[in-house]
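Enquirer: sequence isn't available, so here's the structure alone:
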C-alpha cells in the first residue's frame, strides 16, 4: 500500500478519509452547521458543504485520489488527554505531483482547535511520509497571501526543517472566480535530512 491508513503523532490520530468515516459527522464539521465555518474556509479552495450528498461525493473523490496514488487525505482527531479528544478536529493531506517529484501538504482545522500547534505537528508527520516513505524530492507549501496567521506558523516549521521562503507568486491560484497571490515555502529532502535531529 502506498499510503498508511493511519498515522499517530504525540497528540493526533490520523485516520484515512474514506467512507469508513461517518459521512454525517464529517458533513457537520465542514458545512454551515459548524460555527465559524466561513472563517475556517476563508483561505481554503473549497466552500462549506451544502448537503450531506456533497460531503459523500467529496469523500468519494478523496478515495479515488488515494487509489490513484495522488492524494493521501486524513481526518484528524485529538488523542486522549487533549481537549476534544476523539472529535474530528479537521483534516490533513498530502497531494503528490509525481511528475514534479513534489508533495503539497494541506490542512484545515475547526476553530476550537486553532492555536494548539496542530499544524506543525501535522506537517512533521506529512514530511516523514513524503520523504521517508514516498521518497519525494521536495515538499512545497503554498499559502494564500492574505493569510497572515498561517504565515507565521508555516514560517516557523519550514525554518525548523531547514526549508526556505521562495517568494510571492502573483495570481498563482484561484479561489473560485478570484485570482489569488500565493506565498511559497519549500523544504527539500536534503534540507530535511540535514535538520532531522536539529
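Expert: Great, that's in hand. Since the structure is predicted, the reported quantities are computational estimates derived from the model, not experimental observations.

Enquirer: what are the buried residues along the helix or strand hosting residue 157?
Expert: Assessed by DSSP states H and E, residue 157 sits inside helix 148-160. Buried residues in helix 148-160, counted by 16 or more other Cβ atoms under 10 Å: 150-151, 153-155, 157-158. C-beta coordinates here come from the backbone N, C-alpha and C atoms, glycine included.

Enquirer: now do stretch 97-108
Expert: So, applying 16+ other Cβ under 10 Å, buried residues of stretch 97-108: 102-108.

Enquirer: closest to residue 25 out of those residues?
Expert: residue 108 (15.6 Å; Cβ to Cβ).

Enquirer: what is the subsequent helix or strand relative to the lengthiest helix in the chain?
Expert: In the chain, with assignment by DSSP state H, the single longest helix is helix 52-68. Where DSSP H and E defines the elements, the next helix or strand beyond helix 52-68 is strand 71-78.

Enquirer: what is the mean pLDDT for that following strand?
Expert: Here strand 71-78 scores 98 as its mean pLDDT.

Enquirer: tell me the angle of it relative to helix 52-68?
Expert: 120 degrees (axes from the mean of the first three to the mean of the last three Cα atoms, to 10 degrees).

Enquirer: which helices and strands sit right next to strand 71-78?
Expert: strand 12-16, helix 52-68, strand 90-97, strand 102-109, helix 118-127 (3 or more Cβ pairs under 8 Å, 6 or more residues apart in numbering; DSSP states H and E).

Enquirer: show me the contact partners of the second one.
Expert: Outside of helix 52-68, the residues within contact range by Cβ atoms under 8 Å, 6 or more residues apart in numbering are 3, 16-19, 21, 23-24, 26-27, 30-31, 49, 71-73, 93.

Enquirer: so which bits of that helix are buried?
Expert: Buried residues in helix 52-68 (16+ other Cβ under 10 Å): 54-56, 58-59, 62-63, 65-66.

Enquirer: and if you look at stretch 82-100?
Expert: 82, 87-94, 96.

Enquirer: what about it, average pLDDT?
Expert: The model assigns stretch 82-100 a mean pLDDT of 98.

Enquirer: what of stretch 3-14?
Expert: So the average pLDDT for stretch 3-14 ends up being 98.

Enquirer: and that stretch, what's buried?
Expert: Applying 16+ other Cβ under 10 Å to stretch 3-14 flags 3, 7, 11-14 as buried.

Enquirer: turn those residues into CSV, columns for distance to residue 119.
Expert: Below are the buried residues of stretch 3-14 laid out as CSV (distance: Cβ to Cβ, whole Å):
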residue, distance to residue 119
3, 20
7, 15
11, 12
12, 11
13, 16
14, 13
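
Enquirer: and the residues you listed, which two are the farthest apart?
Expert: 3 and 11, at 21.1 Å, using Cβ to Cβ across the buried residues of stretch 3-14.

Enquirer: do you know how far residue 5 is from residue 17?
Expert: To residue 17, residue 5 is 11 Å away according to Cβ to Cβ, to the nearest Å.

Enquirer: sounds good, over and out.
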